[in-house]
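*Asks:* here is my input, please return the structure:
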Amino acid sequence: MPDGAIAQPPGRGSGRTGRPPLTEERKAEIRLEIARAAVELFVAQGVAATTGEQIGQAVGVSARTVWRYFPSKEMCVSPLFAAGIDAIAAALRAWRPGRPLDEALGRAVTTGERPMARSHLPQVRALLRLTRTEPGLRAVWLQAHDEAEPVFARALADRAGLPAVDLRSEIQAAMLNAALRTAVEHYAWRAPEAAGDAATARDDAGDAATAQAELMATMCSALVVAAEGLA
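*Replies:* Predicted structure coming up:
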């Protein structure tokens, strides 16, 4: 040891201290908790009146943590939109030749590779209703579908055994994306509001099961219309 150097206690200065880093799974859970809290606040008091501090308090984290995960309060809801899109992409990857697409969608939404959590549906429905009057939330919803389209195209190309996405798979993905987006909006915007949106945003097992069945029926109807084309 050089003259004048101060000996360090064992373990000090030799590595990182403090809490261990969060796992990716835990980060995803925190993002979803923030998303669900944001929806409840947006529904109850509007987007403009909601702050990052309020969203953080509802989850038990600081506003700084909220902004670490999301660049804006509107973007806080993106995990709820992404969950449904991920389920659809998984359905396309699992879609077996000779089987109807609505069967694959139904299986993926409930029990597939990345199933859509049934308990999230009432919140998503309440959130989508807000996209009619909140331009910031509408932008997040449309961005989610814009980012989903190349994912759908890649899944369709893989199913067809193509080495790369071609024009056909891109057009199929665009048609599917538009049909499903319109179906989900139809389901959300025209659903009865018996208990009000604030109550709808909270979990209820019976309501969630009904919501799942209604959503699947609407999506299947949209696929039939899309398959018929413009003739």
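*Asks:* next SSE downstream of the least confident helix or strand in the chain by mean pLDDT?
*Replies:* When each helix and strand of the chain is scored by mean pLDDT, DSSP states H and E, helix 197-200 comes last, with a mean of 51. The first helix or strand that comes after helix 197-200 along the chain, using DSSP states H and E, is helix 205-228.
*Asks:* any idea how far residue 142 is from residue 58?
*Replies:* To residue 142, residue 58 is 26 Å away according to CB to CB, to the nearest Å. Heads up, the C-betas are built off the backbone N, CA and C, glycines and all.
*Asks:* so for these two, which sits in the more crowded spot?
*Replies:* Taking neighbours as other CB atoms under 10 Å, residue 58 and residue 142 compare with residue 58 leading, 17 against 13.
*Asks:* kindly state the pLDDT recorded for that one?
*Replies:* Looking at residue 58, its pLDDT reads 96.
*Asks:* domains in this structure, by residue range?
*Replies:* 24-73, 75-228 (automatic domain parsing).
*Asks:* tell me who's in contact with the spatially closest residue to residue 157 that is not a sequence neighbour.
*Replies:* With CB to CB, 6 or more residues apart in numbering as the criterion, residue 157 has its nearest non-adjacent residue at 4.2 Å, and that residue is residue 169. Going by CB atoms under 8 Å, 6 or more residues apart in numbering, residue 169 touches 153, 154, 156, 157, 160, 162.
*Asks:* ok, the last one - how many residues close by?
*Replies:* Using other CB under 10 Å, residue 162 has 13 neighbouring residues.
*Asks:* try residue 86
*Replies:* By the criterion of other CB under 10 Å, residue 86 has 19 neighbours.
*Asks:* whichever strand or helix holds it to helix 205-228, inter-axis angle?
*Replies:* Using DSSP H and E, the element containing residue 86 is helix 78-94. Angle, helix 78-94 to helix 205-228, by axes from the mean of the first three to the mean of the last three CA atoms, to 10 degrees: 50 degrees.
*Asks:* which other helices and strands does helix 78-94 contact?
*Replies:* For helix 78-94, the packing partners by 3 or more CB pairs under 8 Å, 6 or more residues apart in numbering; DSSP states H and E come out as helix 24-45, helix 101-111, helix 121-130, helix 135-159.
*Asks:* distance from the chain centre to that helix, please.
*Replies:* 7 Å (CA atoms, centre = their mean, to the nearest Å).
*Asks:* try stretch 146-164
*Replies:* With CA atoms, centre = their mean, you get 19 Å for stretch 146-164.
*Asks:* what comes into contact with it?
*Replies:* Applying CB under 8 Å, 6+ apart, the contact partners of stretch 146-164 are 85, 88-89, 92-93, 95, 97, 165-166, 168-170, 172-174, 176-177.
*Asks:* of these, buried ones?
*Replies:* Listed as buried from those are 85, 88-89, 92-93, 95, 165, 169-170, 172-173, 176-177; burial here means 16 or more other CB atoms under 10 Å.
*Asks:* between the residues you listed, which is nearest residue 187?
*Replies:* Lowest distance from residue 187 to these (CB to CB) belongs to residue 88, with 14.2 Å.
*Asks:* touching, that closest one and residue 180? I think so.
*Replies:* Yes - the criterion here is CB atoms under 8 Å, and residue 88 meets it with residue 180 at 6.4 Å.
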